[in-house]
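Visitor: Need coordinates for the following:
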Amino acid sequence: MFARSATRALASQSRQFSSSAARQTKVAVLGAGGGIGQPLSLLLKTNPLVTSLNLYDIRGAPGVAADVSHIDTASEVVTGYPADKLDQALEGVEVVVIPAGVPRKPGMTRDDLFNTNASIVRDLAAAVARVSPQAHVLVISNPVNSTVPIVSAVFEKAGVYDPARIFGITSLDVVRAARFLGQVTGNDPANTRVTVIGGHSGATIVPLLSQSPYGKSLTGEVYAALVHRIQFGGDEVVKAKEGAGSATLSMAYAGAHFTDKLLRGLAGEKGVVTPTFVRSPLYADQGIDFFSTNVELGRNGVEKIHPIGPISAEEEKLLAACLPDLKKNIEKGKNFVQ
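Guide: Numbering: from 1, shown residues only. Purely as a prediction, here's the structure:
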């Protein structure tokens, strides 16, 4: 009874941010056997907009698929694909979510993951570009500031690049900002949403607390501590897990949350807006052609990139610190492919 109740609770939670639109979508998860991939696959199975779910990994995906397929939700097809079946996993897929890669360990930054994860993401992106070039690609694998440019460069080299279809999932920063601001102010996180811009690592994460009715009054040490926790909240989890992993469950939740928003946009729902790391003109004149800010999602993927809007003097300083690091991260990803 407990397991069934827990499953229904997860399904109910997913439907709270799901649309009742008729369009349903075939989704693939590349890295489904990992610490993020397993709970992400579970959450996507509960999403009524997912018609079928293709789960791929170099190990464990068929078992995850068998497990997830027993959940009593509407998506009819859940298939697991082993290492030598990547092309089959991508056939006919409209949305590809990539959590594949190694997790952070204590003392590691996201950039420390680059050498391993860059190769993994490059090879997966090449397969997507070859088999399902029209798919929307959602990148979770860190460092996102570099892996999204890698995916984009791979698609460009293949001659199938559409910047409106490639996304870096920065939703965990948004989720953390809402949770942490809610804790500081004593409010429900559902009412303390914060736009987070920039990138997805350390100082490149810029929470716009001044644009929140609950955050704009924070000053001094309280403000500084909150910003630092939003920027480096992942370190808390890495430390607490004592070398056993990084933020997998919260990242899976955030990844499912963003995927749902994209699915709603693809289904024609209007006004679906969320921060995501995409090809952007906002700071292109400074050599920064990828940036996370509020983006409206629609039938074509990225429909509109919103400007950052008015920000405080403190946020101006955070942004000034963000941009040089972000530029280096982006160039590192591009150079890897070249």
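
Visitor: in stretch 155-165, what counts as buried?
Guide: Using 16 or more other C-beta atoms under 10 Å as the test for burial, stretch 155-165 gives 155, 160, 161, 162, 163, 164, 165. For every residue, glycine as well, the C-beta is placed using N, CA and C.

Visitor: In helices, which of those residues appear?
Guide: residue 155 (DSSP state H).

Visitor: Okay, helices next: where are they in the stretch 101-250 of the chain?
Guide: Using DSSP state H, counting those that start in this stretch, the helices of the stretch 101-250 of the chain run over residues 114-131, 144-158, 171-185, 220-240, 249-266.

Visitor: looking at those, which is closest to residue 307?
Guide: helix 171-185 (17.6 Å; C-beta to C-beta).

Visitor: can you redo the buried residues of stretch 155-165 as JSON lines with distance to residue 298 and pLDDT?
Guide: Converted to JSON lines, the buried residues of stretch 155-165 look like this (distance: C-beta to C-beta, whole Å; pLDDT from 0 to 100):
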{"residue": "155", "distance to residue 298": "20", "pLDDT": "98"}
{"residue": "160", "distance to residue 298": "20", "pLDDT": "98"}
{"residue": "161", "distance to residue 298": "19", "pLDDT": "98"}
{"residue": "162", "distance to residue 298": "14", "pLDDT": "98"}
{"residue": "163", "distance to residue 298": "14", "pLDDT": "98"}
{"residue": "164", "distance to residue 298": "9", "pLDDT": "98"}
{"residue": "165", "distance to residue 298": "12", "pLDDT": "98"}
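
Visitor: Turn the buried residues of stretch 155-165 into JSON lines, columns for distance to residue 186.
Guide: Converted to JSON lines, the buried residues of stretch 155-165 look like this (distance: C-beta to C-beta, whole Å):
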{"residue": "155", "distance to residue 186": "45"}
{"residue": "160", "distance to residue 186": "49"}
{"residue": "161", "distance to residue 186": "46"}
{"residue": "162", "distance to residue 186": "44"}
{"residue": "163", "distance to residue 186": "41"}
{"residue": "164", "distance to residue 186": "40"}
{"residue": "165", "distance to residue 186": "41"}
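
Visitor: Out of the buried residues of stretch 155-165, which comes closest to residue 23?
Guide: Of these, the one sitting nearest to residue 23 (C-beta to C-beta) turns out to be residue 165, at 16.5 Å.

Visitor: Do I have it right that the closest one meets residue 301?
Guide: Yes - distance between residue 165 and residue 301: 4.6 Å, which falls inside the contact criterion (C-beta atoms under 8 Å).

Visitor: Give me the common contacts of those two.
Guide: Shared contacts of residue 165 and residue 301 (C-beta atoms under 8 Å, 6 or more residues apart in numbering): residue 136.

Visitor: With distance to residue 38 added, can I get the helices of the stretch 101-250 of the chain in JSON lines?
Guide: Output for the helices of the stretch 101-250 of the chain, formatted as JSON lines (distance: least, C-beta to C-beta, whole Å):
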{"stretch": "helix 114-131", "distance to residue 38": "17"}
{"stretch": "helix 144-158", "distance to residue 38": "20"}
{"stretch": "helix 171-185", "distance to residue 38": "17"}
{"stretch": "helix 220-240", "distance to residue 38": "17"}
{"stretch": "helix 249-266", "distance to residue 38": "8"}
